[in-house]
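Participant: how does the following fold in three dimensions:
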Amino acid sequence: MIKLLIKQQPAIDISSDTVLGGIEELGGRWLILFETPRLVVRQLRHSDADALFAVYSDPLVVRWVGDGTPLTHELCVKWIKISLRNYQTKGFGASAVVAKSNSQFIGCCGIIYDPQRNEPEIIYGFGKRWWGQGFASEVVRPMLAYGLKQCGLKRILATIAPENLASVRVAIKAGMVFEREEIEADGSPTLIYSIDPNTIKNNDIKIIDASP
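Facilitator: Numbering: from 1, shown residues only. Predicted coordinates:
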């Protein structure tokens, strides 16, 4: 059964086991974007800094993130501040992914603004112990739907290194389509995948009026 997260605005029913309800404030502390069978995706909060650092200070986790440099604790604190500001000004940003089974922070997924390409881009990353369990696919598709349907974005990109076959599979499974290959400033190739309201699978996404 679908349980809508809010009543003040429409929610999006992606499937029988995924809930996407815009944003809900719980106790004034943090905001939920959506839930999946195993995960809760919410806005980052300042107290996530240590957990964020534990994930993104690992060289293997950040291999495909930005320039591949592990984040310092200071940068994690800054990232959270920027993400919170982005949600206030743009309606989207990096979000925490939390396991329902134990309420543990396992990684991030979100939409950021790519200044190089002047378009929104989806990002995600999880701690190593959570790899290989399908969590990326579980959150990427509803996050794309959140951006396209709830935030009204016209298009969302994914930038993927050709060697990162796991992310290529996640993008394709989420309904993204290959668009082109670009060469970065350092000479490395990047695959560009994209999705828009016309290419996302509309047959299983519907708006539900949750108003009283």
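
Participant: got the contact list for Ile80?
Facilitator: The contact partners of Ile80, taken as Cβ atoms under 8 Å, 6 or more residues apart in numbering, are Leu44, Arg45, His46, Asp48, Ala49, Leu52. Yep, even glycine has a C-beta here, placed from its N, CA and C like the rest.

Participant: right, and the second one touches Ala96 too?
Facilitator: Just to be clear, that refers to Arg45. Yes. Contact criterion Cβ atoms under 8 Å: Arg45 and Ala96 qualify, at 7.5 Å.

Participant: looking at these two, which one has more neighbours?
Facilitator: Ala96 (25 against 14; other Cβ atoms under 10 Å).

Participant: so what are the sheet partners of the helix or strand harbouring the more buried one and their directions?
Facilitator: Assigned by DSSP states H and E, Ala96 falls within strand 94-99. When pairing is defined by DSSP bridges, strand 94-99 lines up against strand 39-43 (antiparallel), strand 105-114 (antiparallel).

Participant: so how far is that strand from its chain's centroid?
Facilitator: Strand 94-99 has its C-alpha centroid displaced from the chain centroid by 8 Å (Cα atoms, centre = their mean, to the nearest Å).

Participant: which residues sit against that strand?
Facilitator: In contact with strand 94-99 (Cβ under 8 Å, 6+ apart) are residues 33, 38-45, 48, 51-52, 79, 83, 86, 104-110, 112, 123-124, 126, 130, 135, 139, 143.

Participant: hang on, the earlier thing: mind putting the strands paired with strand 94-99 into JSON lines with distance to Ser194, mean pLDDT and mean neighbour count?
Facilitator: Shown next, in JSON lines, are these (distance: least, Cβ to Cβ, whole Å; pLDDT from 0 to 100; neighbours: other Cβ atoms under 10 Å):
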{"stretch": "strand 39-43", "distance to Ser194": "21", "mean pLDDT": "92", "mean neighbour count": "21"}
{"stretch": "strand 105-114", "distance to Ser194": "12", "mean pLDDT": "93", "mean neighbour count": "21"}
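
Participant: can you lay out the ones you listed as a markdown table showing distance to Glu184?
Facilitator: Shown next, in a markdown table, are the strands paired with strand 94-99 (distance: least, Cβ to Cβ, whole Å):
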| stretch | distance to Glu184 |
| --- | --- |
| strand 39-43 | 29 |
| strand 105-114 | 12 |
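
Participant: skipping adjacent residues, who's closest to Val170 in space?
Facilitator: Nearest non-adjacent residue to Val170, counting by Cβ to Cβ, 6 or more residues apart in numbering: Ala136, 4.8 Å away.

Participant: list the helices and strands the helix or strand harbouring the one you found packs on?
Facilitator: Element membership for Ala136 (DSSP H and E) is helix 135-145. With contacts taken as 3 or more Cβ pairs under 8 Å, 6 or more residues apart in numbering; DSSP states H and E, helix 135-145 sits against strand 11-15, strand 18-26, strand 30-35, strand 39-43, strand 94-99, strand 105-114, strand 119-126, helix 165-173.
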